[in-house]
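Asker: With the sequence up front, the predicted model follows.
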Amino acid sequence: MESTDVGSTQILHKEIKALANEIRTLKDVKRNENLIRENVCTIEKKPLASHESQRKFEIRCPRGTRDYGPQDMALRKQVLDVVTKCFKRHGAVTIDTPVFELRDILLGKYGEEGGKLIYDLSDQGGELLSLRYDLTVPFARYLAMNKTVMYLKRYHIGKVYRRDNPSRGRFREFYQCDFDIAGSYDLMIPEAELLRIINEILSALDIGAFEIKVNHKLLLDGMFAVCGVPNKDFKAVCSSIDKLDKLPWEDVRNELCNEKHIHNDVVSKLETFVRLREHDSSLTNLDLLNWFEKDEATMKNNDIQKAIFEMKQLLEYCELFGILSTVTIEPSLARGLDYYTGAIFEVVLKEFSEKTLMENDNAEEETRSMNIGSVAGGGRYDDLVSMFLSKHKVPCVGISIGIERLFTIMKEKSKMEHVRSKDTQVLVASAQKKLLKERMKICRLLWDNDIKAEMALKANPKMLDQMQYCEEHKIPLAIIVGERELEEGVLKLRDVPSRVEQDIPRDNLVEELNRRLKHLQ
């Protein structure tokens, strides 16, 4: 490769030199100026290979990824602290799995659309590998490998990868946060607790009104059967219906009729079911379920009747958990994953529609350009583990939280100004020169006593710079040492926000700091 580049460069040098000589000759004989200008342009269009490669090289993150600075990471920690605290309150433990899996583990699990978004890796050591698409399938693989684990409440926070179009705020690498309940339990009790968990998290983050949309895989299957959708087209129809939260019905109808060749009469019947709420916004959850229970076309379908019974049970438990007001039964909800077998749900923020964000001039560009409404989704997947091990069935239900979207929303609602990027509690400062060793001794004392402390990493820092550093990073306290303090055996303790200063005996430093910090928490 290097010899080729060298050869190309030498050829270009010769061509440029020849053209330059020709230009000089033309000038000497005072030939046509246009001919001279043409030769000059030819030279300008022949950059050297090394220059060309330099010109093309751009320092940036790959498309669909991004860096996170100290402020972003501080906000991430704040959000994840709320999430993990809630998970642990409900008795969950955490696990971790590799970021890549055997390709066969992932294939055939994510529906028609999702399967196209799996990142395949180059062949390494004879194994065909892919980056994980979500955290659910790796969890099912974990359960299949660990047969003694029959009951488990687990949470997992990690990065997932999707070969998606990174426009409109979509990322190719992003964090997911999953909570799953594995094991055989009584009907709809685990589902109700999951919905309670997401309710607790979003309420604690205080990011506005939200809605938990609920549907059932059996209700979808029953609707498709009643409408006359051929069995072979169930998945294709489901992936189109799943787009109704992003596209108007006419676009979905066009896709079903013209692209997937579903008969027009079948699509018209489907419209009746999936647009029930759109046509009558006054329907309560029970009204809608009763409609399906009594409708002449659906009352004889066993799948639909079973789904209605289970969802009524879920609504009863949601009322007992105090979250019924946030739950909406939505027959158009059709999450496009092949492994769901029962209840499915999606959580959307009411205040963050695309229209609202587009009208907000203060919103970040990436936020204004996307519909950020959906922040979580999940459902029951009783057969996923047995896909890996046919005789080993572990019923599961789980929810995945879109942490990246929660971060974006928190930033957009001006939460960043309240977030400290540092945990530093005390800055050890000096008012005069040649006090580096004294500052180092004080830092050592504080670190030995588990107090988060910093000092300027200069021998003779300016006092103003040290105090500005405290204010910029919201460090609440400063210890100031000077010649007078050394002579009197005291240290000056400064409350940074109020700028009130007080001398304290050096021997009482740790005790006094702990007392102050306790009140600041």
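Answerer: Sure thing, it's come through.
Asker: residue contacts, the residue nearest the centre of the chain?
Answerer: In the chain, the residue lying closest to the centroid (C-alpha atoms, centre = their mean) is Glu404, at 2.6 Å. By C-beta atoms under 8 Å, 6 or more residues apart in numbering, the residues touching Glu404 are Phe171, Phe174, Tyr175. To be clear about C-beta, it is placed using only N, CA and C from the backbone, and glycine gets the same treatment.
Asker: Mind putting these into JSON lines with pLDDT?
Answerer: As requested, the contacts of Glu404 are arranged in JSON lines below (pLDDT from 0 to 100):
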{"residue": "Phe171", "pLDDT": "86"}
{"residue": "Phe174", "pLDDT": "90"}
{"residue": "Tyr175", "pLDDT": "91"}
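Asker: Of those residues, which belong to strands?
Answerer: Those of those mapping onto strands are Phe174, Tyr175, per DSSP state E.
Asker: If burial is judged by neighbour count, which of the contacts of Glu404 pass?
Answerer: Listed as buried from the contacts of Glu404 are Phe171, Phe174, Tyr175; burial here means 16 or more other C-beta atoms under 10 Å.
Asker: how close does the second one sit to Leu102?
Answerer: The span separating Phe174 from Leu102 equals 22 Å under the rule C-beta to C-beta, to the nearest Å.
Asker: likewise the first one?
Answerer: With distances defined as C-beta to C-beta, the gap from Phe171 to Leu102 amounts to 24 Å.
Asker: The last one now?
Answerer: Computed as C-beta to C-beta, the Tyr175 to Leu102 distance reads 23 Å.
Asker: low pLDDT regions in the stretch 101-250 of the chain?
Answerer: Within the stretch 101-250 of the chain, the segments meeting pLDDT under 70 span 112-113, 124, 167-169.
Asker: where exactly do the strands run in it?
Answerer: 129-131, 152-161, 173-182, 210-216 (DSSP state E, counting those that start in this stretch).
Asker: swap in the stretch 251-400 of the chain?
Answerer: 327-329, 343-349, 374-380, 396-401.
Asker: of all the ones you listed, which lies closest to Cys238?
Answerer: strand 343-349 (10.6 Å; C-beta to C-beta).
Asker: for the closest one, packing partners?
Answerer: Packed against strand 343-349 by the contact rule (3 or more C-beta pairs under 8 Å, 6 or more residues apart in numbering; DSSP states H and E) you find helix 189-205, strand 210-216, helix 302-320, strand 374-380.
Asker: Ser332 contacts Lys243, doesn't it?
Answerer: No: under the criterion of C-beta atoms under 8 Å, Ser332 makes no contact with Lys243, lying 10.0 Å away.
Asker: burial count for the closest residue to Ile329 other than its chain neighbours?
Answerer: Distance criterion C-beta to C-beta, 6 or more residues apart in numbering; nearest residue to Ile329, sequence neighbours excluded, is Asn285 at 4.6 Å. Under the neighbour criterion other C-beta atoms under 10 Å, Asn285 is assigned a count of 18.
Asker: Report the contact partners of Asn285.
Answerer: Neighbours of Asn285 in contact, by C-beta under 8 Å, 6+ apart: Leu315, Val327, Thr328, Ile329.
Asker: same thing with Glu200?
Answerer: Applying C-beta under 8 Å, 6+ apart, we find Glu200 in contact with Cys86, Arg89.
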